[in-house]
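[1] what's the 3D shape of this:
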Amino acid sequence: MSVRDRGGIDDNQVVAYDVAHAAAAVATARATLQYGALGDVEASIAAAFVADVVADLVGRVTGRETLWGVEPGWDAPAAAFLREQRDPAVVGYLRTPLMRILRSSPRWPALAKQMNLPEVG
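    The predicted structure is shown next:
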């Protein structure tokens, strides 16, 4: 059943907001994947960011699967990726001295903003 069938956007504002937010996050994650192709460090940053996007999406859909048109358990294929990339050690790695090189890049402020990371590390 579509949002239209359920009374339109006004009657489904939470779901409409979640869909819009998820669409924007997925578009940003796709752009981040291109950045990840630039090297190993960039790939680590991109994977951590994509994992956060997927985890946010899972949170928005869980308990509302019918409204999103998916079956419970739709997110199971992403579980191992999320466990690996959301491990606190991965985030810790992104703060290592090796990352100073990346943070010193003139491209870092734009990337940091896109990924919701602090510009200064």
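
[2] quick check: the residue nearest to I9 when sequence neighbours are not counted vs A22, distance?
    With C-beta to C-beta, 6 or more residues apart in numbering as the measure, A16 is the residue that lies nearest to I9, at 5.0 Å, once sequence neighbours are left out. No exception for glycine: its C-beta is placed from N, CA and C like everyone else's. As defined by C-beta to C-beta, to the nearest Å, A16 lies at a distance of 11 Å from A22.

[3] likewise for D52?
    For D52, the distance to A22 - C-beta to C-beta - is 12 Å.

[4] same deal with A76?
    Between A76 and A22 the distance is 18 Å, computed by C-beta to C-beta.

[5] any idea which residue sits dead centre in the chain?
    Note on the chain: the residue nearest the mean C-alpha position is V53, at 1.4 Å, using C-alpha atoms, centre = their mean.

[6] tell me the pLDDT at it?
    Each residue has a pLDDT score; the one for V53 is 94.

[7] buried residues, the strand or helix carrying it. List them.
    Under the criterion DSSP states H and E, the helix or strand holding V53 is helix 40-61. When neighbours are counted by 16 or more other C-beta atoms under 10 Å, the buried residues of helix 40-61 are found to be 41-42, 44-55, 57, 60-61.

[8] now it, how far from the chain's geometric center?
    For helix 40-61, the gap between its own C-alpha mean and the chain's C-alpha mean amounts to 4 Å (C-alpha atoms, centre = their mean, to the nearest Å).
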